[in-house]
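Engineer: sequence below, structure please.
(one chain, ligands or ions: 4)
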Amino acid sequence: MTLVIKGGTIVTADLTYKADILIDGERIAEIGQDLEGDEVIDASGAYVMPGGIDPHTHMEMPFMGTHSADDFDSGTAAALAGGTTMTVDFALPSPGQGLVDTAQAWFQKAGPARTDYSFHMGITWWGEQVFDEMPKVVEKGINSFKHFMAYKGALMVNDDELFASFTRCAEIGALPLVHAENGDVVAALQQKLMDVGQTGPEAHAYSRPPEVEGEAVNRAIMLADQAGVPLYVVHTSCEQAHEAIRRARQKGMRVYGEPLIQHLVLDESEYQNPDWQHAARRVMSPPFRDKANQDSLWAGLSAGSLQVVATDHCAFTDEQKRMGVGDFRKIPNGTGGLEDRLSVLWTKGVRTGRLTMNEFVAVTSTNIAKILNIYPRKGAILVGAEADLIVFDPAATKTITAARQHSVIEYNVFEGIEVTGLPVVTLSRGRVAYRDGEVRAETGDGRFVERPADAPASRALSTWKELVAPRKVERSGIPAGV
Ligand code: DUC
Ligand code: ZN
Ligand code: ZN
Ligand code: ZN
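Structural biologist: Residues are numbered from 1 along each chain as shown. Ligands and ions are numbered 1, 2, ... in the order given. Coordinates of the predicted model:
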């Protein structure tokens with residue numbers, strides 16, 4: 001069976017041109033003029049782009065005494081409706097749980113996925129078993145490891161554990177990720193706020209200022225460089241974090257930053273809303289920031305110092321959020337966004353001139369495919385690539401509302417935002433997965449995407465220095481090399 005997408009304008013991370021795309025089975029077979037196939041999708045007046053890849057989701061994640069409300073079925077339906085064809089979730093070991101065992105649990109959990117998917121493996125504790133099993137999960141196609149520098153007493157790992165794990169990542173060609181906030185300081189600030197009776201959701205933001213994020217990003221970069229490994233910083237939310245990443249990159253280090261669509265568009269005033277529920281629905285970590293920090297993130301995306309826009313989709317119902325009435329520390333941290341990432345970024349980014357169309361494709365798909373070592377199988381419009389594509393109508397409009405979303409929760413943090421520019425058809429490996437407002441992919445249609453170790457970019461500056469010039473110890477008064 002062949003399928004042709006006809007009459008559209010192809011937009012990739014580096015090119016914009018008019019051509020048809022012939023798909024044979026799951027892959028792109030030909031790109032050219034006047035192509036014919038068994039079936040035709042008319043894309044005239046529309047853009048054809050690589051499907052979105054969201055490298056940061058939490059489906060049915062056990063967290064803060066509950067578990068996130070979207071599972072792989074509802075969560076990936078939301079993804080497809082929003083033009084995202086691949087999601088990367090976090091497999092998080094409970095205390096003492098092995099990595100192989102954890103991977104197995106997440107493979108089970110992801111069975112119902114409608115999009116293709118992958119995992120990052122959490123390093124939530126450290127020990128010989130974790131050390132031994134890291135290469136085993138890499139063999140399974142999971143080549144990235146996530147570390148929490150916050151959530152003290154739960155997911156958090158300390159500097160010695162971070163350094164040991166980063167060093168192991170360097171040895172096995174894997175990429176470390178960090179949730180960068182100083183967890184000790186956050187815990188102390190939380191207690192201080194509670195002690196003076198600041199118990200509401202606004203105190204959540206006060207307890208996690210940009211300083212705690214900036215410090216942790218700087219520390220993680222130093223640890224990664226000393227371990228000789230690149231670093232990916234998830235949910236980069238402020239200038240202090242961005243500045244650290246920018247500075248490291250200027251020095252030649254491979255450090256990547258990932259703003260979330262929520263942080264780009266929503267600001268800290270959301271927590272001042274007198275309605276407890278409104279504010280609690282928006283509690284996530286890091287919290288939303290002020291306009292100056294938002295401007296920094298937008299600038300980073302166009303300048304290339306930040307590379308990826310994700311969602312950290314981690315949805316909780318109102319009932320779950322109410323666990324934190326009277327104690328903001330117990331409000332489950334997380335917001336949705338998977339269905340709205342592309343349309344909101346297009347509306348607030350491309351339509352305002354902050355991003356070009358090609359930059360839009362880079363930050364929603366191509367860059368992360370390269371970083372995660374799955375390019376050009378994913379994230380590309382090239383002959384031989386998997387046909388994960390969207391037909392994107394730049395004139396289509398809608399007002400975002402929870403009433404018509406695929407996530408199971410009863411609200412949407414983007415409620416009421418009018419977007420112009422929407423995916424109207426989503427193809428997953430050559431099959432129509434979403435069209436005319438309807439998710440067509442079935443539960444379980446998604447497939448695990450193996451990611452090989454040692455991405456082309458898996459070298460850090462300290463390693464690179466050793467490669468070009470073996471280290472010489474220089475002591476005062478003694479010439480180097482003696
Ligand atoms: N932040 C959130 O808001 N939710 C999930 C985990 C995280 O780090
Ligand atoms: Zn469950
Ligand atoms: Zn996080
Ligand atoms: Zn997260």
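
Engineer: how close does residue 392 sit to residue 28?
Structural biologist: 17 Å (CB to CB, to the nearest Å). For every residue, glycine as well, the C-beta is placed using N, CA and C.

Engineer: over to residue 77?
Structural biologist: From residue 77 over to residue 28 (counting by CB to CB), the distance is 25 Å.

Engineer: who has more neighbours out of the two?
Structural biologist: Neighbours around residue 77 and residue 28, counted as other CB atoms under 10 Å, are more numerous at residue 77. The numbers are 26 against 22.

Engineer: so that one: helix, strand or coil?
Structural biologist: In the three-state summary, residue 77 is assigned as helix, counting by DSSP: H, G, I helix; E, B strand; the rest coil.

Engineer: residue contacts, it?
Structural biologist: 114, 406, 439, 441 (CB atoms under 8 Å, 6 or more residues apart in numbering).

Engineer: over to residue 415?
Structural biologist: 400-402.

Engineer: pLDDT score for it?
Structural biologist: Here the pLDDT value assigned to residue 415 is 98.

Engineer: how about the CA coordinates for the helix of greatest length in the chain, as CSV?
Structural biologist: Taking DSSP state H as the criterion, the chain has its longest helix at helix 210-227. The C-alpha trace of helix 210-227 is given here as CSV (Å, rounded to 0.1, in the frame of the first residue of the first chain):
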residue,chain,number,x,y,z
PRO,A,210,15.3,30.8,40.0
GLU,A,211,18.4,30.8,42.2
VAL,A,212,17.9,27.2,43.3
GLU,A,213,17.6,26.2,39.7
GLY,A,214,20.6,28.2,38.5
GLU,A,215,22.9,26.8,41.2
ALA,A,216,21.9,23.2,40.4
VAL,A,217,22.4,23.6,36.7
ASN,A,218,25.9,25.0,37.3
ARG,A,219,26.7,22.2,39.6
ALA,A,220,25.4,19.5,37.2
ILE,A,221,27.4,21.0,34.4
MET,A,222,30.6,20.9,36.5
LEU,A,223,29.9,17.3,37.5
ALA,A,224,29.2,16.3,33.9
ASP,A,225,32.4,17.9,32.6
GLN,A,226,34.5,16.3,35.3
ALA,A,227,32.9,13.0,34.4
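
Engineer: so what strands line up beside the following helix or strand past it?
Structural biologist: Downstream of helix 210-227, the next assigned helix or strand under DSSP states H and E is strand 231-233. With DSSP bridges as the test, strand 231-233 is paired with strand 175-179 (parallel), strand 255-257 (parallel).

Engineer: around ligand 1, pick out the residues from the stretch 1-150 of the chain.
Structural biologist: Listed as neighbours of ligand 1 in the stretch 1-150 of the chain under the rule CB under 6 Å from any ligand atom: residue 58.

Engineer: most proximal residue of the stretch 1-150 of the chain with respect to ligand 1?
Structural biologist: residue 58 (5.4 Å; CB to the nearest ligand atom).

Engineer: need the residues that contact whichever strand or helix holds residue 40.
Structural biologist: In the assignment (DSSP H and E), residue 40 maps to strand 39-42. Residues outside strand 39-42 that contact it (CB under 8 Å, 6+ apart): 1-7, 391, 425, 432.

Engineer: now it: mean pLDDT?
Structural biologist: Strand 39-42 comes out at a mean pLDDT of 98.

Engineer: chain center to that strand, what's the gap?
Structural biologist: With CA atoms, centre = their mean, to the nearest Å as the basis, strand 39-42 stands 32 Å off its chain's centre.

Engineer: do stretch 305-312 as well
Structural biologist: Using CA atoms, centre = their mean, the offset of stretch 305-312 from its chain centre is 6 Å.

Engineer: repeat that for stretch 28-48.
Structural biologist: 30 Å.

Engineer: first vs last residue of that stretch, how far apart are they?
Structural biologist: End-to-end span of stretch 28-48 (CA to CA, to the nearest Å): 13 Å.

Engineer: what are the buried residues along that stretch?
Structural biologist: 28-29, 31, 35, 37, 41, 43, 46-48 (16 or more other CB atoms under 10 Å).

Engineer: now stretch 417-433
Structural biologist: Those would be 417, 419, 421-433, for stretch 417-433 by 16+ other CB under 10 Å.

Engineer: over to stretch 329-344?
Structural biologist: Quick answer for stretch 329-344 (16+ other CB under 10 Å): 329, 331-344.

Engineer: burial measure for the residue of the stretch 1-150 of the chain closest to ligand 1, as a count.
Structural biologist: Quick note: residue 58 (other CB under 10 Å) scores 21 neighbours.

Engineer: now the closest residue to it other than its chain neighbours: phi and psi?
Structural biologist: Spatially, and ignoring its direct neighbours in sequence, residue 58 is nearest to residue 314 (3.9 Å; CB to CB, 6 or more residues apart in numbering). Dihedral angles of residue 314 (phi, psi; degrees, to the nearest 10) stand at phi -150, psi 80.

Engineer: in its sheet, what does the strand or helix carrying residue 5 sit against?
Structural biologist: Secondary structure from DSSP H and E places residue 5 in strand 2-6. The strands that strand 2-6 pairs with in its sheet are strand 20-24 (antiparallel), strand 39-42 (parallel) (by DSSP bridges).
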